[in-house]
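S.K.: A structural model of the following input is requested.
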Amino acid sequence: MNSIETLNPFAKKTWARLITQYPSWGPYFGTRDKDDLEVAVPAPLESNAGHLVIFTTEGKDLWVRFSAPYMCYAIDDLDEVLSVIKSLLNDEVWMVTIIHDGEWVETSLLIRGQDISLKPGQIAQFLSWSGRHDKTLTGS
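M.R.: Residues are numbered from 1 along each chain as shown. Model (predicted):
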């Protein structure tokens, strides 16, 4: 990673919280744009997630995503991001994207075992960190 000194205050605070919780992730820390943080942790080999990416934007917004298209989710604060990361890594929460007629509809986090309602023509792609719970559902 470039020097932490180049990061904006929110990115520095995010970096500090993440590196304290996940010290082995140090090699995956980098910068985004000129002064925001991006952390890209490789997924397990069996996973379709690609990477778990945590990033800040414009010195005020916080996001998590997988590498797959449309798998990006806004986070409210640093406590929530730590909770979401833990839940994703433990396969307690999955990332789900809903597509309709080839167009993105929404991306959300779904607690394992939670039901989802799809409209006719919608397709939901579920990705879990481990890859063991990945699935695709089609609305009817």
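
S.K.: Okay, helices next: where are they in this structure?
M.R.: 9-21, 78-89 (DSSP state H).

S.K.: Just the residues contacting the first one, thanks.
M.R.: This means helix 9-21. 4, 7, 25-26, 29, 35-37, 39, 54, 56, 59-60, 62, 78, 81-82, 85 (Cβ atoms under 8 Å, 6 or more residues apart in numbering). The C-beta positions use only the backbone N, C-alpha and C, and glycine is treated the same way.

S.K.: now it against helix 78-89, angle please.
M.R.: 50 degrees (axes from the mean of the first three to the mean of the last three Cα atoms, to 10 degrees).

S.K.: Tell me how far helix 9-21 lies from the chain's centre.
M.R.: Between the centre of helix 9-21 and the centre of its chain there are 16 Å (Cα atoms, centre = their mean, to the nearest Å).

S.K.: For it, buried residues please.
M.R.: 10-12, 14-15, 18-19 (16 or more other Cβ atoms under 10 Å).

S.K.: Out of those, which is nearest to residue 115?
M.R.: Closest to residue 115 out of these is residue 18 (32.0 Å), distances taken as Cβ to Cβ.

S.K.: contacting residues around the residue of the chain most remote from its centre?
M.R.: Largest separation from the mean C-alpha position in the chain: residue 140, at 28.3 Å (Cα atoms, centre = their mean). Residue 140 is in contact with 118, 120, counting by Cβ under 8 Å, 6+ apart.
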